[in-house]
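I'll drop the sequence and a predicted model, then ask my questions.
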Amino acid sequence: MIRRKLLVERIIFSIDKKANCTNKISKKVNIIYTHVVRVLGLLEKEGIVDRSKSNGRTRLVSLTQKGQRIRNAYIELDEAYSQSINKASYTSSTKRTHRKCDDKYFDKLNNVKDS
C-alpha cells in the first residue's frame, strides 16, 4: 500500500511543462509505460490529473486544481518531515515518532484527496 502511494507521489511530482505526456513521465520516474498509463487512469478518475489529446496519439497530462492541492500538501508535509528528521537523533522513541508521522502524513493526504 505504501509502495503504491509513493509511486503516485512520484508521478504527481513528475508532471510539469517538460514532462507533460505519458512517455516523458514514464522516463522521468523510470517506470514502465503501461504502469504509468494505468496509474494516470486512476488519478484521472479521482480528478487529480487531466489527460487531453493534443495531436494523434499523444495525450497531454496536467494536474487539476485538486491535483495541485495534493502536490502542495506533499511539499508541505515533505518539508515538515525533513525538518523533523534533521533535528532527531535516532533512538527507539524517535523511530516510533517517525512511524506516527508517516501515519499522519498519509492520513492528511487522504483527506486532501477526498476534499
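Cool, got the structure. Numbering: from 1, shown residues only.

got the buried residues for stretch 74-87?
For stretch 74-87, the buried set under the neighbour-count rule, 16 or more other C-beta atoms under 10 Å, comprises 74, 77. In this view, the C-beta of every residue, glycine as well, is placed from N, C-alpha and C.

Could you do stretch 43-62 as well?
Of the residues in stretch 43-62, those scored as buried under the neighbour-count criterion (16+ other C-beta under 10 Å) are 43-44, 48-49, 59, 61.

Ok, stretch 7-24 next?
Residues of stretch 7-24 classed as buried under the neighbour-count rule (16+ other C-beta under 10 Å) are 8-12, 14-15, 19-20, 22, 24.

From those, which land in strands?
Assignment to strands by DSSP state E places none of those there.

Can you report how many residues lie near the residue nearest to Asn23 when sequence neighbours are not counted?
With sequence-adjacent residues excluded and distances taken as C-beta to C-beta, 6 or more residues apart in numbering, Asn23 is closest to Tyr33, at 6.5 Å. By the criterion of other C-beta atoms under 10 Å, Tyr33 has 12 neighbours.
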